[in-house]
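> just to be clear, the model below is a prediction. Sequence and coordinates:
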Amino acid sequence: MNLFEFIAALVGALAWPGLVLALFLIFRQPLAELIPFLERLKYKDLELNFSKRVREVAIEADAVITTEEPVAVDEQLEELVDIYPRGAIIESWLLVENATVNAVRVNKLIITERDMKSPSRLVRVLEAAKIINKQQAALLHELRYIRNAAVHVTDLSLSPNAAREYVKTATRVAIALKSKTN
């Protein structure tokens, strides 16, 4: 194979990916403007109707989270739900993330500092140590997926009701995780 054949093969191999990339770059603004009108969203491996998925996760939490402590949602989070639903989702996820980190620390589980910053790795460590079960781990992953979608799809408008349901569920999960640290 000489140089010209190599260049021709390279151009042939890169033609379709290059075209797809060019089309994406040309149409990214019109596509971004359509996002607020979507009822459903596909984000990575998650196809999401926010309100419906949050309801499903809340029902799932009822089945897998057993805590006798009453769920009292922080007043500031309650206020934030009506003002900025996305912010309420982010802040309530931080409650879950902090409770997960504390569960790992209090139970003296061996984990690298790098892994300590990864919520999915924290959940896997807690599950491997049998501090949480498989269903509880799946619930934590679902809450993280919804939070990630809320964070990364900035043009999507979230309803206060869906955010309120997420906040309540995340608070319940955080309380349940705290009970595993005692």
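Thanks, I have the structure now. Numbering: from 1, shown residues only.

> switch to C-alpha atoms for all contacts and neighbour counts from now on
Fine.

> roughly how far apart are Arg55 and Ala149?
Counting by CA to CA, to the nearest Å, the gap from Arg55 to Ala149 is 16 Å.

> then Leu80?
18 Å.

> one more: Ala99?
Counting by CA to CA, the gap from Ala99 to Ala149 is 21 Å.

> more crowded one of those two?
The residue with more neighbours, out of Ala99 and Ala149, is Ala99; 22 against 19, by other CA atoms under 10 Å.

> show the contacting residues for that one.
Ala174, Ile175, Leu177, Lys178 (CA atoms under 8 Å, 6 or more residues apart in numbering).

> filter these down to the ones in helices?
Per DSSP state H, helices hold the following members of the contacts of Ala99: Ala174, Ile175, Leu177, Lys178.

> among those residues, name the buried ones.
Neighbour-count burial (16 or more other CA atoms under 10 Å) applied to those gives Ala174, Ile175, Leu177, Lys178.

> for Ala15, see how far away the second one is.
Counting by CA to CA, the gap between Ile175 and Ala15 amounts to 53 Å.

> mind listing the strands for the protein?
Ranges of strands within the chain are 41-43, 46-48, based on DSSP state E.

> weakest of these in terms of mean pLDDT?
Sorting those by mean pLDDT places strand 46-48 lowest, at a mean of 48.

> mind splitting the protein into its structural domains?
The chain breaks down by automatic domain parsing into domains covering 1-37, 38-179.

> and those, which one's lowest on average pLDDT?
For the domains of the chain, the stretch scoring lowest in mean pLDDT is domain 1-37; its value is a mean of 69.

> from the buried ones among the ones in helices among the contacts of Ala99, pick the one nearest Ile7.
Ala174 (57.0 Å; CA to CA).

> check contacts around the residue lying closest to that closest one once chain neighbours are set aside.
Nearest non-adjacent residue to Ala174, counting by CA to CA, 6 or more residues apart in numbering: Val96, 4.6 Å away. By CA under 8 Å, 6+ apart, the residues touching Val96 are Ala170, Thr171, Val173, Ala174, Leu177.

> who's in contact with the second one?
Shown in contact with Thr171 (CA under 8 Å, 6+ apart): Val71, Ala72, Val73, Ser92, Leu95, Val96.

> do the fourth one as well
Residues touching Ala174, when contacts are defined by CA under 8 Å, 6+ apart, comprise Leu95, Val96, Glu97, Ala99, Thr100.
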